[in-house]
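A.B. asks: model this:
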Amino acid sequence: RLVESGGGLVQTGGSLKLSCATSGLSMDWYAIAWFRRVPGKDREAVSCLISAEDRTYYADSVKDRFTVSRDDAKVTVFLQMSDLQPEDTGVYFCAADHVPWGSNCLETEYERWGQGTQVTVSS
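C.D. replies: From the prediction side, this is the model:
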């Protein structure tokens, strides 16, 4: 079971840190991803942490602003979001699954999903 937290309301340029509690999924074997659904768009990938490949993926729209990390106990994944913009507003989901080597953070590769947490950036 995946549980997101940390969403909220923030002004443009502000920061938020989202958390995804993974209930003991082994991050050595599971990729953990962040997706978001922004108003008027399909759910899109934000970032994927693929520990088995020691690799992270970021969508172009969030590169240099968002950072994904995990705690030392490997039970929580974080998404640090900085310089937030109104277009970042949406529901943020974490997801987990085994993914193919070289995965490009595709929604279809993930079957375990959290309920989502709302992020609202005011202009």
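A.B. asks: Please count neighbours and contacts with C-alpha atoms only from this point.
C.D. replies: Noted.
A.B. asks: residue closest to the middle of the protein?
C.D. replies: residue 34 (2.1 Å; C-alpha atoms, centre = their mean).
A.B. asks: check contacts around that one.
C.D. replies: 45-48, 79, 92-95 (C-alpha atoms under 8 Å, 6 or more residues apart in numbering).
A.B. asks: Also residue 7?
C.D. replies: 16-18, 117-120.
A.B. asks: Check residue 86 too.
C.D. replies: Here residue 86 is in contact with 12, 120-123 (C-alpha under 8 Å, 6+ apart).
A.B. asks: likewise residue 79?
C.D. replies: 17-19, 34, 66-69.
A.B. asks: Now residue 89: closest residue in space, sequence neighbours ignored.
C.D. replies: Excluding the flanking residues, the one nearest residue 89 by C-alpha to C-alpha, 6 or more residues apart in numbering is residue 120, at 4.6 Å.
A.B. asks: What are the buried residues along stretch 104-121?
C.D. replies: For stretch 104-121, a neighbour-count test (16 or more other C-alpha atoms under 10 Å) marks 104-105, 109-110, 113-114, 116-121 as buried.
A.B. asks: right, and residue 78 touches residue 17 too?
C.D. replies: Yes. With contacts counted by C-alpha atoms under 8 Å, residue 78 reaches residue 17, the gap being 6.7 Å.
A.B. asks: Can you pick out the residue with more neighbours from those two?
C.D. replies: More neighbours surround residue 78 than the other of residue 78 and residue 17, with 21 against 16 (other C-alpha atoms under 10 Å).
A.B. asks: Show the backbone phi and psi for that one.
C.D. replies: phi -120, psi 150 (degrees, to the nearest 10).
A.B. asks: So what sits opposite it in the bridge?
C.D. replies: residue 19, residue 69 (DSSP bridges).
A.B. asks: which residues sit in contact with it?
C.D. replies: Residue 78 touches 17-20, 67-71, counting by C-alpha under 8 Å, 6+ apart.
A.B. asks: By neighbours, which of these wins?
C.D. replies: residue 20 (26 neighbours).
A.B. asks: Might one say that it is in contact with residue 33?
C.D. replies: No. Between residue 20 and residue 33 there is no contact under C-alpha under 8 Å: 9.5 Å.
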